[in-house]
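Visitor: Need the 3D shape of this:
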Amino acid sequence: MFSSSITDFTNSVERYKLSLMLCSPEKLEQVVSFVQSRNFSVINFGREVSQFIATLTSKKYLDIEVNDFIIKLLEDRKTKINDSINELVVIYNLGILLEPSLGLDPAKLLKEFSKTSCLVIIWENQIDNDSILHWPTQKNKYCLDFSGVQLKNLRYAI
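Guide: Below is the predicted model of the structure:
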């Protein structure tokens, strides 16, 4: 993983435009507030997806409906940064995406989105091999595997 500036990142022509802002759990709210103060769109996935699920009258097609909702949410919340060639969205609180009942492949979904737009993940947990995001207590059970993608580190770049 290497550091990049937000300008370089939003002007990237790489296949995947996927980046991390690493922080401690204690600093998560501070980092989210900082990013919002820069007028970047920030999505709390846990809150947004759970609120959407609560509105559904039937859970018969839950996996399809949630997948479609996530894609629409990301598309609707993209932000243009100055004269950059790519739009940007920042996300955090991703645990709900790994809920087995949703039947999602969150890493694939997020990688696919990052082909056309810049995606920044605020991550307050652990990372292995510069590409596998996981929770400290569930390292071997739940993870987001971005192997094959060179994640950029925006920790000090915004």
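Visitor: going forward, measure contacts between C-alpha atoms and count neighbours the same way
Guide: Will do.
Visitor: so where's this structure shaky on pLDDT?
Guide: In the predicted model of the chain, residues 1-12, 155-158 satisfy pLDDT under 70.
Visitor: What are the boundaries of the strands in the protein?
Guide: 2-3, 18-22, 42-44, 79-80, 87-92, 118-123, 126-128, 132-134, 143-145, 152-153 (DSSP state E).
Visitor: S50 is nearest to which of these?
Guide: The closest of the strands of the chain to S50 is strand 42-44. By CA to CA, the value is 10.2 Å.
Visitor: what helices or strands is that closest one leaning on?
Guide: helix 28-37, strand 87-92 (3 or more CA pairs under 8 Å, 6 or more residues apart in numbering; DSSP states H and E).
Visitor: Output the first one as CSV, nothing but the C-alphas.
Guide: Put plainly, it is helix 28-37. Extracted in CSV, the C-alpha atoms of helix 28-37 (Å, rounded to 0.1, in the frame of the first residue of the first chain):
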residue,chain,number,x,y,z
LEU,A,28,-13.4,7.1,13.7
GLU,A,29,-15.8,9.8,14.5
GLN,A,30,-13.1,12.4,14.2
VAL,A,31,-12.0,11.1,10.8
VAL,A,32,-15.6,11.0,9.5
SER,A,33,-16.2,14.6,10.7
PHE,A,34,-13.0,15.7,9.1
VAL,A,35,-13.9,14.2,5.8
GLN,A,36,-17.4,15.7,5.9
SER,A,37,-15.9,19.1,6.7
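Visitor: quick check: angle from it to strand 87-92?
Guide: 160 degrees (axes from the mean of the first three to the mean of the last three CA atoms, to 10 degrees).
Visitor: Quick check: buried residues in helix 28-37?
Guide: L28, V31, V32, V35 (16 or more other CA atoms under 10 Å).
Visitor: right, and the pair among the residues you listed with maximum separation?
Guide: L28 and V35 (10.7 Å).
Visitor: one step back: I'd like the helices and strands packed on strand 42-44 as TSV, with distance to R77 appended.
Guide: What follows is these, written out as TSV (distance: least, CA to CA, whole Å):
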stretch	distance to R77
helix 28-37	13
strand 87-92	6
